[in-house]
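Q: here's my sequence, what's the structure:
(chains A and B)
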Protein chains: 2
Amino acid sequence: MNKLLIVGTVAFDAIETPFGKTDKILGGAATYIGLSAANFGNVDCAIVSVIGEDFPQAYLDMLSDKNINVSGIETVKGGKTFFWSGKYHNDMNSRDTLDTQLNVLENFNPIVPEAYKEADVVMLGNLHPFVQLSVLEQMTKKPKLVVLDTMNFWMDCALEELKQVIAKVDVITINDEEARQLSGEYSLVKAARVIATMGPKYVVIKKGEHGALLFHENDAFFAPALPLEEVFDPTGAGDTFAGGFTGHITNTGNISFENMKKAVIYGSNLASFCVEKFGTERMEKLSQQEVSSRLMQFKELTQFEIEL
Amino acid sequence: MNKLLIVGTVAFDAIETPFGKTDKILGGAATYIGLSAANFGNVDCAIVSVIGEDFPQAYLDMLSDKNINVSGIETVKGGKTFFWSGKYHNDMNSRDTLDTQLNVLENFNPIVPEAYKEADVVMLGNLHPFVQLSVLEQMTKKPKLVVLDTMNFWMDCALEELKQVIAKVDVITINDEEARQLSGEYSLVKAARVIATMGPKYVVIKKGEHGALLFHENDAFFAPALPLEEVFDPTGAGDTFAGGFTGHITNTGNISFENMKKAVIYGSNLASFCVEKFGTERMEKLSQQEVSSRLMQFKELTQFEIEL
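A: Numbering: from 1, shown residues only, chains lettered A, B, ... in the order given. Alright, predicted model coming up:
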């Protein structure tokens, strides 16, 4: 099996949407990435993260049951797990952060398990850029592909550190507003070109319900979000996309642009499930049959025949 | 050749965007629809509209040179042509109307030329619903396809009249906000389903820079807008889309869902040119070579190969 190393948060979330609210539930970028990547048969994936003693063993067991290696998830004695709480607006496209408690994340020193230091693909989930860099520095073999996710928070308060890690990755995934902020360009075509000069040869711009764009040199590829009757909770959709993207690349071991197009479709497909229930609920119970059947919907949604 | 009958405004526009502003230039829904439909070889199209004596003959000549029949464009003696003036905001997704002078449009009684009363396809461009209805009533043979475009203005001030015409058409094209207003549903999937119960078997929801969705029963198809370096002036993009959509349907004489998918792509493709210059400038000088080459870009942007 090919190896995928994931670094990111494993956390508690409390979420409020127009459809309801949750108490503290399982969350975190690495959790969503892992649950998404777990849908690919030829992928041996591991999470590097940190949790407190308050984190239920049942959550770790659930991840292990999905064949996600959790040996790189450090438990800090007496520590409390990272907690995020947010409330989505009626349009589900924007949200307010109600509370952020870094807790054990504050002094997180990631340690890559020996067995994953030669991983084929590395997915750097949203975290402080220096934590992301530290993971890269522990790799004993250059990975086939390094994918970075980040957010506006680091552009605001750690831009120079962020640029250091951006310079070292092959793919960056970022949302449209963040792409505009990072590049200073309004047009996404221009923004992608500017960001590519910072290092990543491939730039993925996520537009939420409006889909995702993949840019590479002068080529572009677009995947829509599946039109859904109802988006219940957008939390984790971007991470689930990243997990599908890196999961497919790891599964196939192929980093060509043509294969990245498929990776964008797999990512969009998996993200379409994530938003159907609160938190990780939908991803925990996803069947292969459901994934395949929705891929068929994606084909019908986007494929046409025009001879030129 | 197959016949396409277009009803809509032929007008003067004055446009301001972040890139500059124009004096009175050629505008109007029917103008954009006609210039777009003129790109299809097997289409004999005619415009039904009204203008004042201030309308330059050169504009009519330009339309005629594109093989657009202008015999149904009535000139009102001593009348002034419909005038619209608007200013786009920085994001180009919204605009303020600065001035609207209905002029000859106020008492417009459309008269369908004899030769087009058996047209294969009828495109009802944005106008008072009763003007649209009047055109339908003059048809002596049931058209293969009737397509309706409208806007929120008529939902606000002539909803019952609008519903009468909606009940009589096969396809409605409408933007996302209008679809939400007309249906009372936020989810576009649900909105399309509600609108379909009002009459149209096919619902096209235009999302501007975020592409267009086609709904029919439980099927959906999506075409993105081509990612452009710069959108210069969005005026007429929706009408150009409608002209490409109806142009392709008329050209092929095929009203299957599979062919409508292609029509959505042709419409999106032509609209991508429209926004590259002010007003009709880009559409007036468009070559077949440019259209084909950009269709190839659309294929590269959206087509992928996943075997299931």
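Q: make it CA atoms for all contacts and neighbour counts henceforth
A: Fine.
Q: near chain B, which residues of chain A show up?
A: A:187-190, A:210, A:219-224, A:227-230, A:258, A:261-262, A:292, A:295-296, A:300-306, A:308 (CA under 8 Å from any CA of the partner chain).
Q: can you give me the helices for the stretch 101-250 of chain A?
A: A:129-137, A:152-157, A:159-166, A:176-183, A:188-197, A:237-252 (DSSP state H, counting those that start in this stretch).
Q: for the shortest one, name the packing helices and strands.
A: Put plainly, it is helix A:152-157. helix A:176-183 (3 or more CA pairs under 8 Å, 6 or more residues apart in numbering or on different chains; DSSP states H and E).
Q: quick one: low-confidence ranges for the stretch 151-300 of chain A?
A: The model of the stretch 151-300 of chain A has no residue with pLDDT under 70.
Q: so which residue of it comes closest to chain B?
A: Chain B sits closest to A:Phe221 of the stretch 151-300 of chain A, with a gap of 4.2 Å, by CA to the nearest CA.
Q: count of neighbours near that residue?
A: Other residues within reach of A:Phe221, judged by other CA atoms under 10 Å in any protein chain shown, total 27.
Q: surely it is in contact with A:Gly211?
A: No. No contact is recorded between A:Phe221 and A:Gly211 when judged using CA atoms under 8 Å, the distance being 10.7 Å.
Q: wait, which of the helices of the stretch 101-250 of chain A is closest to A:Thr100?
A: Among the helices of the stretch 101-250 of chain A, helix A:152-157 comes nearest to A:Thr100, with 12.5 Å by CA to CA.
Q: buried residues, that closest one. List them.
A: Neighbour counts using 16 or more other CA atoms under 10 Å in any protein chain shown place A:152, A:154-155 of helix A:152-157 among the buried residues.
Q: quick one on the thing from earlier: output the helices of the stretch 101-250 of chain A as TSV; include the columns distance to B:Asp13.
A: As requested, the helices of the stretch 101-250 of chain A are exported to TSV (distance: least, CA to CA, whole Å):
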stretch	distance to B:Asp13
helix A:129-137	50
helix A:152-157	40
helix A:159-166	45
helix A:176-183	31
helix A:188-197	28
helix A:237-252	42
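Q: need the winner for burial among these.
A: Mean neighbour counts were compared across those using mean count of other CA atoms under 10 Å in any protein chain shown; the top stretch is helix A:237-252, at a mean of 28.
Q: which other helices and strands contact that helix?
A: strand A:2-7, helix A:29-37, strand A:43-52, strand A:121-124, helix A:257-274.
Q: in the stretch 1-150 of chain A, what residue is nearest chain B?
A: A:Asp91 (8.2 Å).
Q: residues near that residue, how many?
A: Neighbour tally, A:Asp91, other CA under 10 Å: 12.
Q: need the per-residue pLDDT for it.
A: With respect to pLDDT, A:Asp91 scores 80.
Q: quick one: it is in a helix?
A: No. A:Asp91: not assigned to a helix; according to DSSP: H, G, I helix; E, B strand; the rest coil it is coil.
Q: ok, the residue most central in space within chain A - contacts?
A: The residue lying closest to the centre of chain A (CA atoms, centre = their mean) is A:Asp239, at 2.5 Å. By CA atoms under 8 Å, 6 or more residues apart in numbering or on different chains, the contact set of A:Asp239 is A:29-30, A:32-33, A:125.
Q: so who does A:Leu35 touch?
A: A:Leu35 touches A:63, A:66, A:68, A:240, A:243, A:283-284, counting by CA under 8 Å, 6+ apart.
Q: at 10 Å instead, please
A: The neighbours of A:Leu35, taking CA atoms under 10 Å, 6 or more residues apart in numbering or on different chains as the test, are A:45, A:62-63, A:66-68, A:239-240, A:243-244, A:270, A:274, A:280, A:283-286.
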